[in-house]
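# have a look at this fold, sequence not included:
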């Protein structure tokens, strides 16, 4: 049992919620955008973990995307939330709030 | 001395040193294996390739003449090795258990079993096996002939080996066939799992090859 393992499991578990949060906040976001924002928020993830997650969310019809040409590089895939995705996101967010209240309560010294 | 080649990554031309290219290819192959059972496999790999093109593009714009091994090493560090990617929503990986076979990839320095197109009597099986174990192909051929004449299982074994072992087609496959460490029993055991995953693809290639072989024989 190592601290790195436990930490990375925690982060991975919340990554889905964070990605949906970023896309919700930005209305539309492309993967490198999402990575920037995760970094800016000091949520350290291996970049590769993002792509399978986006594809799974898209296949579950939580996300839709459109292509946009970019002047500086390859074309970009812009993701946005579908109504199903929005409902899923709101549900997750509620759960997280409840969970973080509980965790704070239990880990604060009396 | 390093040869620099151009690769096309999702439509973008990237100048890259040959060594670095081999390293990148190995990485992408490891991703393909990792996502082999995933519904959106092709899409995930493509998305990752878009990111690779973007990151290399940034590197080149900064004035690097071409991508080298160090750039690829950094890229893999940024994206994460295959086994660390994508386990977060699939069945949870127990971090306290030892790595599974899919996570224990063969090292790029390991020799691989291919049929040898440059030294073949029929399908290159014996010569490929000889390369794998670093022995003289004549010995392997003799054993095969003895097996064939003695018990008649040689022919069947040969046909199965022909189907199962891929032909070395590209320069790097040839390099893997002859290069690296020759096989011993332990490293071979590790490799079997990986090799089996490619089996299906080979079946299709094989039928084409058989056709080619027999149509050539007519003339």
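Thanks, I have the structure now. The structure displayed is predicted, hence computed values, not measured ones.
# torsion angles phi and psi at residue B:12?
When read as degrees, to the nearest 10, the backbone of residue B:12 gives phi -110, psi 130.
# which stretches in chain B count as strands?
Assigned by DSSP state E, the strands in chain B fall at B:4-9, B:12-17.
# and residue A:77, what element?
strand A:76-81 (DSSP states H and E).
# after that strand comes which helix or strand?
Following strand A:76-81 in sequence, per DSSP H and E, is helix A:83-107.
# quick one: that following helix to strand A:76-81, angle?
In terms of direction (axes from the mean of the first three to the mean of the last three CA atoms, to 10 degrees), helix A:83-107 departs from strand A:76-81 by 70 degrees.
# coming back round to it: the strands of chain B: which one's closest to residue B:80?
Closest approach to residue B:80 among the strands of chain B is made by strand B:4-9 (18.2 Å; CB to CB). In short, each C-beta sits where N, CA and C put it, glycine included.
# partner strands of the closest one and their direction?
For strand B:4-9, the paired strands and their directions (DSSP bridges) read strand B:12-17 (antiparallel).
# quick revisit: and the strand holding residue A:77, what does it pack onto?
helix A:3-26, helix A:31-40, strand A:63-68, helix B:41-61 (3 or more CB pairs under 8 Å, 6 or more residues apart in numbering or on different chains; DSSP states H and E).
# ok, then the element right after the second one?
Which is helix A:31-40. Counting by DSSP H and E, what follows helix A:31-40 is helix A:50-59.
# just to revisit the earlier point, need the winner for burial among the helices and strands packed on strand A:76-81.
helix B:41-61 (a mean of 19; mean count of other CB atoms under 10 Å in any protein chain shown).
# ranking the helices and strands packed on strand A:76-81 by mean pLDDT, which is last?
Per-stretch mean pLDDT for these is lowest at helix A:3-26 (a mean of 88).
# hmm, who's touching that one?
A:29, A:33-34, A:37-38, A:41, A:43-45, A:49-50, A:53-54, A:57, A:62-63, A:79-81, A:85-86, A:88-89, A:92-93, A:96, B:87-89, B:95-96 (CB atoms under 8 Å, 6 or more residues apart in numbering or on different chains).
# domains of chain B: list them as residue ranges, please.
Domain assignment for chain B by automatic domain parsing gives B:4-98, B:125-217.
# quick one: low-confidence residue ranges for chain B.
B:86-110, B:151-152, B:171-172, B:179-198, B:200-201, B:216-219 (pLDDT under 70).
# at the contact with chain A, which residues of it appear?
Within chain B, the positions lying close to chain A (CB under 8 Å from any CB of the partner chain) are B:10-12, B:31, B:35, B:38-40, B:43-44, B:47-48, B:50-51, B:53-54, B:57-58, B:78-80, B:82, B:84-89, B:95-96.
# tell me the pLDDT at the residue of chain A found nearest chain B?
Closest approach between chain A and chain B, counting by CB to the nearest CB: residue A:46, at 3.0 Å. We have a pLDDT of 86 for residue A:46.
# contact partners for it?
B:78, B:79, B:80, B:84, B:85.
# okay, now the residue lying closest to the last one once chain neighbours are set aside: neighbour count?
With CB to CB, 6 or more residues apart in numbering or on different chains as the measure, residue A:48 is the residue that lies nearest to residue B:85, at 3.9 Å, once sequence neighbours are left out. By other CB atoms under 10 Å in any protein chain shown, the residues close to residue A:48 number 23.
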